[in-house]
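Colleague: Here is a sequence with its predicted model. Questions after.
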Amino acid sequence: MPATPGAQRRSVLSDGVGATAPDRLQREAEFHDEAFASNSREATGKYYATARAAKAHYHEQILAGARDRTILEYGCGKGSAAFQLAASGAHVTGIDISAVGIREAQGRGRALGLEAQLQFRQMNAEVLDFNADSFDLVCGSGILHHLDIARAVAEIVRVLRPGGEAIFFEPLGHNPIINLYRRLTPAMRSADEQPLSMTDLDRITNCFDGAQVSFFGLFTLLAAPLRPASDSKVLRVLEAVDRVALRRSMLQRHAWIAVIRLTQG
């Protein structure tokens, strides 16, 4: 007898021993199903031009040497980086808790003719359905702060091959301006997500043999009300100021975004 949609979702959200996952995972799945279905992510993209430098750095990191690598990407949809990675010659598996996001990613993969390089699976990132030592790279944009950090990082370590790396683009939770914006726009976030703290960064980086964290988004936040174009002179100047200011550890905690690069020996 075919499984019902509810049973399929419970299976995807199970903790791996037959028990139903906590309500947190159910809420995350429902929130992201709605976000993908309504295209709300695309609608809010215009507010995030000030994150241009961070996003460019993240993509540069994950695309470097992508050819012939086996890559796991957390978080799928039409805007997934999986398509760029596959077009660069990588073999990519994308996972997401949202069935809608998976369908969108599969559709775009077919439209681009990249099926041979790509597969997408609905999966709980805290309990990965992959063997140990399966991937050369694990990456994701805005994903870890939705997860139980300890469980998620343990799984990343397990599935990475020796010499592999993990690269993530994540929001931080200390900047008062960004935190005010978050309080004023609660519908844009799921109820359970928590931007990373500096303590979270330490917990993550301590699980790997090597770590490099790059910080972005301090003075560039001043340009956010202007919704600057990507070639804005104001934005370029503020990015240059950030490059200098965010070398100082006392200011790094107030950055908006961290790009985290982790390596396994």
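Modeller: Sure thing, it's come through. Because the structure is predicted, anything quoted here is derived from the model rather than measured.

Colleague: who's in contact with L246?
Modeller: L246 makes contacts with F215, F216, L218, Q252, A255, as judged by C-beta atoms under 8 Å, 6 or more residues apart in numbering. All C-beta spots, glycine's among them, are computed from the backbone N, C-alpha and C.

Colleague: Tell me where the model's unsure across the chain.
Modeller: 1-22, 25, 28-33, 35-36, 38-47, 190-191, 230-231 (pLDDT under 70).

Colleague: in stretch 109-125, what's buried?
Modeller: Buried residues in stretch 109-125, defined by neighbour count with 16 or more other C-beta atoms under 10 Å: G109, L114, Q117, L118, Q119, F120, R121, Q122, M123, N124, A125.

Colleague: what sits up against that stretch?
Modeller: 12-15, 21, 25, 74, 76, 82-83, 86-87, 89-99, 102, 105-106, 129, 143, 147, 152, 155.

Colleague: what about 7 Å?
Modeller: 12-13, 21, 25, 74, 76, 82-83, 86-87, 90-97, 99, 102, 105-106, 129, 143, 147, 152, 155 (C-beta atoms under 7 Å, 6 or more residues apart in numbering).

Colleague: ok, now stretch 132-141?
Modeller: 58, 62, 69-75, 81, 156, 158-161, 164-169.

Colleague: Sort out for me which of the residues you listed are in strands.
Modeller: 70-74, 160-161, 164-169 (DSSP state E).

Colleague: Export those residues as a markdown table, with columns for neighbour count and distance to V244.
Modeller: Formatted as a markdown table, these follow (neighbours: other C-beta atoms under 10 Å; distance: C-beta to C-beta, whole Å):
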| residue | neighbour count | distance to V244 |
| --- | --- | --- |
| T70 | 14 | 38 |
| I71 | 24 | 33 |
| L72 | 26 | 35 |
| E73 | 28 | 32 |
| Y74 | 25 | 32 |
| L160 | 23 | 34 |
| R161 | 15 | 37 |
| G164 | 24 | 33 |
| E165 | 23 | 27 |
| A166 | 26 | 28 |
| I167 | 22 | 24 |
| F168 | 26 | 24 |
| F169 | 26 | 22 |
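
Colleague: Need the residues you listed in TSV (columns: distance to I204).
Modeller: Shown next, in TSV, are the ones in strands among the contacts of stretch 132-141 (distance: C-beta to C-beta, whole Å):
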residue	distance to I204
T70	22
I71	19
L72	16
E73	18
Y74	13
L160	13
R161	19
G164	15
E165	13
A166	9
I167	12
F168	8
F169	13
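
Colleague: Pull the number of nearby residues for P176.
Modeller: Neighbours of P176 under the rule other C-beta atoms under 10 Å: 8.

Colleague: Strands of the stretch 1-150 of the chain, start to end?
Modeller: 70-74, 91-96, 118-122, 135-141 (DSSP state E, counting those that start in this stretch).
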